[in-house]
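*Asks:* sequence-free structure coming up:
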């Protein structure tokens, strides 16, 4: 009887382990995208398929180029214009973000990928390019085994509330304040 109870507990634990969680990496510090890329590499190494959606950026950065070398396990898509938004977003920025969310919606529902990363989606929400209600609807409907990672500064409180894990990167000290420019292979 005791062995039977242990096996029952183990099955319940495994069912919980297989459930996809919602992770948010936010804050003003450096490392949100880097942490998400690290998770993508880890998941690919474990044999899981990964979908890496990068919003607001239309040119592949070094991290995207690295992930593309894992193309048998990691799919990357860019939903942005060249350069990063300075000032007010253009209509094209809104169209790119909405097209990205549409494609990601299909992917999240399909369960084809075990890990889906929406890089800079928090900034998409902050700029008002996509309403939070649209993203929330997609996250709730997703296939239950899909792990979702959302990155970017200024994650809305409503997102933090529904997340299973929230990591805030805090800038304590940064060489940008001394005038050092973004460096290839380090910041992009």
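*Replies:* On my side now, so go ahead. From a predicted model like this one, the values you see are computed outputs, not experimental measurements. Numbering: from 1, shown residues only.
*Asks:* mind listing the strands in the chain by residue range?
*Replies:* Per DSSP state E, the chain carries strands over the ranges 22-26, 50-55, 74-79, 115-119, 147-151, 165-168.
*Asks:* now for the longest helix along the chain, which elements pack on it?
*Replies:* Longest helix in the chain by number of residues (criterion: DSSP state H): helix 91-110. Counting contacts by 3 or more CB pairs under 8 Å, 6 or more residues apart in numbering; DSSP states H and E, helix 91-110 packs against strand 50-55, strand 74-79, strand 115-119, helix 121-127, helix 132-141. All C-beta atoms are positioned from the backbone trio N, CA, C, and that covers glycine.
*Asks:* residue 16: which of the ones you listed is closest?
*Replies:* Residue 16 sits nearest to strand 115-119 of all the helices and strands packed on helix 91-110, at 17.4 Å, using CB to CB.
*Asks:* paired strands for that closest one, with orientation please.
*Replies:* Applying DSSP bridges, strand 115-119 is found paired with strand 50-55 (parallel), strand 147-151 (parallel).
*Asks:* in CSV: those strands, plus distance to residue 93, mean neighbour count and mean pLDDT.
*Replies:* Below are the strands paired with strand 115-119 laid out as CSV (distance: least, CB to CB, whole Å; neighbours: other CB atoms under 10 Å; pLDDT from 0 to 100):
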stretch, distance to residue 93, mean neighbour count, mean pLDDT
strand 50-55, 9, 25, 98
strand 147-151, 17, 25, 98
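*Asks:* so which of the helices and strands packed on helix 91-110 gets nearest residue 28?
*Replies:* Of these, nearest to residue 28 by CB to CB is helix 121-127, at 11.7 Å.
*Asks:* where's the closest one relative to the chain centroid, distance-wise?
*Replies:* 12 Å (CA atoms, centre = their mean, to the nearest Å).
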